[in-house]
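**Q** sequence? don't have it. structure:
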Ligand code: AMP
C-alpha cells in the first residue's frame, strides 16, 4: 500500500498548532481593524495571465495548470496581485484611500526548507490609493505594533527606498538596466555577505571600482538621521535619490509622531527586497533570534495596480508570513500554548442526570464559557482524568445530592482544588477564570 502522506512543502496543522496560528491571526486582525482596515477575500485560483508579468524572476515559481475547459489558470502566488486586480475591477465601488486586510494561503513552487513552504498563509495589509508618506508610516507602525504584541524580542524593521539603491547604482556609473543586477545582488547581502555580493556584481559585468563603491554605500550604518545624512551627501547629484531621502525622512517623522519606539526601526541602504514591483519605500522585519531570514516584508508599489487599472493607483502594503511567525514563535517559546479550546468539562453522573448536565453546559456556554460535555455517564474519576488529559481546566459534577442543594461540584484540575458551590457562583467562578486568561 502507498504510504499515507501529504504533498511535500504543504502542511497539515493539528489542533495544538492551529491554536497558536489562530492567536497570531486574531492578534493581527484586531490590530488591523483597530486602524480601520477592512477585510477582503479573493479566490485561490486566478487566470494565469493575471499573475504573469508582475513578479520578475519569481514568475517561474507560479503553479500553473489547465482546467477542464482548457483555460490557463494559476494558484495565487501572493495577495498583492489579486488586490491589484480587485482594485481595477471594482474601482467604482471602493472608496480611496482604501485600507484592506486579507488572510489566506498562497502557493509557490519553491524548494521547501525550514520556514519556506509551497503552501503558506499570508496576512496582508495595504493602503490603496494614497501616496502620502503617512500611509507608509502607518503600515510600518502596525508592523511594529503587531510584532511587539506577539512578543517578538529584539525585532527591528529595516527601512530603505528603491530610489536610494537606484541612486547608489547611478552614482556608481551604472545604467538603468544594470541597476536590476544591483537589486538582485544586494538582496542576497544577509545571506552571502559583502564578498559574495561583490562576486555577484562582478559577474553581472559591473567594474571592480563600481562594485566597491556600491558596497561602501550600501553598508552605511548608524541612526536613521546619520544614515540619511551620509546618503544625502553621497547621492546629492541624483535627483530621484534626493527625493527618495526626503520621502524617507517624512516617513520617519510619521513613525516618531505615531509613537513607534525608535529602537524598533533602522534605515538600511542594503535592503533591496526581491519582488520587482516595489517603487518606493521598502521594509523588512528581522530578529537576531532568527538569522535564517526576514519575518516579513513589504513596501510601496505605485505602478502595479496601474497595470490592471490603466491609471496609477499608488499603494503601500506588507505581508505577514503566518508560517514563519508561527515557526519562530514555537522556537522562541512565545505566545500562549493552550491544549484545548474548552475551559469547562461537564461530567455525566448517571443517566438520570443527563438532562440537567446538558442544561448546565448550556448555561455555561450562554455565559461565554467554552464547554465540552462527557458523552457517556459513569465513573466520575475517569471523567476527571479525561478532562485533565484534554487539558480542560475545570471539571463540573452534577449528581443527585448537588441537584437537591442547587449546587455544582467544581474541580480545578490545574490547582487540584475541589468545591461545591451554588450554581450561579460556579458560573461566576469560571467566568472570572476566563477573564483572567484573556
Ligand atoms: P513576499 O510575498 O515574498 O514579500 O513574502 C512576504 C512574507 O511571506 C515573507 O516575509 C514570509 O514571511 C512569507 N513567505 C514568503 N514566501 C514564503 C514561503 N515559501 N514559505 C513560508 N512563508 C513565506
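**A** Looks like it arrived, so ask away. All of these numbers come straight from a predicted model, not from anything done at the bench.

**Q** residue contacts, the closest residue to the ligand within the stretch 201-350 of the chain?
**A** Nearest to the ligand, among the residues of the stretch 201-350 of the chain, is residue 321, at 2.0 Å (Cβ to the nearest ligand atom). For every residue, glycine as well, the C-beta is placed using N, CA and C. Applying Cβ atoms under 8 Å, 6 or more residues apart in numbering to residue 321 gives the contacts 120-122, 295-296.

**Q** Relative to residue 370, how far out is it?
**A** Applying Cβ to Cβ, to the nearest Å, the value for residue 321 to residue 370 is 29 Å.

**Q** Look at residue 274 and report its pLDDT.
**A** For residue 274, the pLDDT comes out at 68.

**Q** repeat for the one 3 residues further on
**A** You'll see residue 277 listed with a pLDDT of 82.

**Q** Ok, the one 10 residues further on next?
**A** Listed pLDDT for residue 287 reads 91.

**Q** any idea how far the closest residue to residue 214 other than its chain neighbours lies from residue 208?
**A** Distances taken as Cβ to Cβ, 6 or more residues apart in numbering place residue 172 nearest to residue 214, at 5.0 Å, with adjacent residues excluded. To residue 208, residue 172 is 11 Å away according to Cβ to Cβ.

**Q** Please compare those two by neighbour count and tell me which comes out ahead.
**A** Neighbour totals were compared for residue 172 and residue 208, and residue 172 leads with 22 against 10 (other Cβ atoms under 10 Å).

**Q** check contacts around residue 148.
**A** When contacts are counted by Cβ under 8 Å, 6+ apart, residue 148 touches 155, 264.

**Q** Residue 349 is in contact with residue 399, correct?
**A** Yes. If you go by Cβ atoms under 8 Å, residue 399 and residue 349 touch, sitting 4.2 Å apart.

**Q** Skip the chain neighbours and tell me the closest residue to the residue in the stretch 51-200 of the chain positioned nearest to the ligand.
**A** Closest to the ligand within the stretch 51-200 of the chain is residue 120: 3.5 Å, counting by Cβ to the nearest ligand atom. Spatially, and ignoring its direct neighbours in sequence, residue 120 is nearest to residue 323 (4.4 Å; Cβ to Cβ, 6+ apart).

**Q** so that neighbour is in which element?
**A** Using DSSP states H and E, residue 323 falls within helix 322-331.

**Q** which helices and strands does that helix pack with?
**A** On a contact count with 3 or more Cβ pairs under 8 Å, 6 or more residues apart in numbering; DSSP states H and E, helix 322-331 meets helix 15-34, strand 119-128.

**Q** Deepest in the core, which of the ones you listed is it.
**A** Mean neighbour count (mean count of other Cβ atoms under 10 Å) peaks for strand 119-128 among the helices and strands packed on helix 322-331, with a mean of 23.

**Q** Between residue 399 and residue 349, tell me which one has more neighbours.
**A** Legend: neighbour count by other Cβ under 10 Å for residue 399 and residue 349, higher for residue 349 (22 against 18).

**Q** quick one on the thing from earlier: what's the spacing between the residue nearest to residue 120 and residue 32?
**A** Plainly put, residue 323 is 19 Å away from residue 32 if you go by Cβ to Cβ.

**Q** re the thing from before, can you name the residues that contact the residue nearest to residue 214?
**A** 206, 210, 213-214, 217.

**Q** Against the ligand, which of these make the cut? List them.
**A** With Cβ under 6 Å from any ligand atom as the criterion, the contacts of residue 172 include none near the ligand.

**Q** Which one of these sits in the busiest neighbourhood?
**A** residue 214 (26 neighbours).

**Q** Now do the shared contacts for residue 399 and residue 349.
**A** Common contacts of residue 399 and residue 349 (Cβ under 8 Å, 6+ apart): residue 380.

**Q** looking only at pLDDT, what's the mean for the strand or helix carrying residue 253?
**A** Counting by DSSP H and E, the element that carries residue 253 is helix 239-257. Averaged over helix 239-257, pLDDT sits at 97.

**Q** Can you name every helix or strand that it contacts?
**A** If contacts are counted by 3+ Cβ pairs under 8 Å, 6+ apart, helix 239-257 sits against helix 133-149, strand 156-161, helix 162-171, helix 224-234, strand 265-267, strand 281-286.

**Q** what distance separates that helix from the middle of the whole chain?
**A** Offset of helix 239-257 from its chain centre (Cα atoms, centre = their mean, to the nearest Å): 25 Å.
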